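**Q** only geometry, no sequence info:
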């Protein structure tokens, strides 16, 4: 069982709808990453945090996603207006150092219909 | 940015044989090289890693080799078992930076 908890496991949304997923990092891990894995198994980095601060994010995330990691609450990633191309497995990972020892959650599988 | 290439998209071996998966990377500043296993419909499971200060690491049936000069690293699975069948991803990262993944190798271990 993963120490990184992601919810929900599955998410089905219509195009244009918001899609929100959550991640509880491993206890004591201040660095959190979000990745998107498409059906071709390709990974796309979306955003990472150290504590509550955004370290890096790609343009797509900045323009279409809303993400945060508030203290004492789960991290969240929300697509503001879902598109068919957003259908993918969204993986959250946490790390103590940000250098190594990443722990991945079980993922949220999003289907946009 | 970093680009990680995984050379074998599929690999089929007989149970008991060794399997070798090869990866190359482009960023000379990359210092951490993890490997992950993903079974169908599941998340990534950490397998083994190697840091740039060593060129070989072994954990039971798994051996990772790193050639910094060639910017190449490889995963060797010895005495393969059917439960080793999965997709294996190599990855590379700098310190305090995101992980860059290869495209995965589907390993099939035939009984």
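**A** That came through fine. Nothing here was measured: the structure is a model prediction, and the numbers come from that model.
**Q** Isn't residue B:89 up against residue B:100?
**A** No. Counting by CB atoms under 8 Å, residue B:89 does not reach residue B:100; the two are 10.5 Å apart. Backbone N, C-alpha and C define where each C-beta goes, glycine included.
**Q** Looking at these two, which has the bigger crowd around it?
**A** residue B:89 (26 against 20; other CB atoms under 10 Å in any protein chain shown).
**Q** Contact distance from chain A - what residues of chain B qualify?
**A** Within chain B, the positions near chain A by CB under 8 Å from any CB of the partner chain are B:31-32, B:34, B:36, B:38, B:42-46, B:49, B:51, B:87, B:89, B:93, B:95-101, B:103-104.
**Q** Now, of those, which are buried?
**A** Of the members of those, the ones counted as buried by neighbours, 16 or more other CB atoms under 10 Å in any protein chain shown, are B:31-32, B:34, B:36, B:38, B:43-44, B:49, B:87, B:89, B:93, B:97-101, B:103-104.
**Q** Among those residues, which lie within strands?
**A** By the criterion of DSSP state E, membership of those in strands covers B:32, B:34, B:36, B:38, B:44, B:49, B:87, B:89, B:100, B:101.
**Q** Can you redo those residues as TSV, where the extra columns are pLDDT?
**A** Below are these laid out as TSV (pLDDT from 0 to 100):
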residue	pLDDT
B:32	93
B:34	95
B:36	96
B:38	95
B:44	91
B:49	95
B:87	97
B:89	97
B:100	93
B:101	95
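**Q** Out of those, give me the two with the largest separation.
**A** Largest separation among these by CB to CB: B:32 and B:87, giving 20.6 Å.
**Q** For residue A:63, which three-state class applies?
**A** Classification of residue A:63 by DSSP: H, G, I helix; E, B strand; the rest coil places it in helix.
**Q** what's the burial count for it?
**A** The burial count assigned to residue A:63 is 9, neighbours taken as other CB under 10 Å.
**Q** next one: residue B:83
**A** Close neighbours of residue B:83, defined as other CB under 10 Å, add up to 8.
**Q** One more: residue B:91?
**A** Other residues near residue B:91 number 25, with proximity taken as other CB under 10 Å.
**Q** Check residue B:71 too.
**A** 16.
**Q** And the pLDDT at residue 6?
**A** No chain was given, so I picked chain A. Per-residue confidence (pLDDT) for residue A:6: 97.
**Q** meant chain B actually
**A** If you check residue B:6, the pLDDT there is 96.
**Q** which residues touch it?
**A** When contacts are counted by CB atoms under 8 Å, 6 or more residues apart in numbering or on different chains, residue B:6 touches B:21, B:22, B:23, B:89, B:90, B:102, B:103, B:104, B:105.
**Q** partner residues bridging the last one?
**A** In this structure, residue B:105 has the following beta-bridge partners (DSSP bridges): residue B:88.
**Q** dump the residue contacts of it.
**A** Residue B:105 sits next to B:6, B:8, B:9, B:10, B:11, B:21, B:87, B:88, B:89 when contact means CB under 8 Å, 6+ apart.
**Q** correct me, but the third one touches residue B:106?
**A** Same thing as residue B:9. Yes. Here residue B:9 lies in contact with residue B:106, judged by CB under 8 Å, at a distance of 6.8 Å.
**Q** Report the secondary structure state of residue B:83.
**A** Taking three-state DSSP, the label given to residue B:83 is helix.
**Q** Distance of residue A:53 relative to chain B?
**A** Residue A:53 sits 13 Å away from chain B, taking CB to the nearest CB, to the nearest Å as the criterion.
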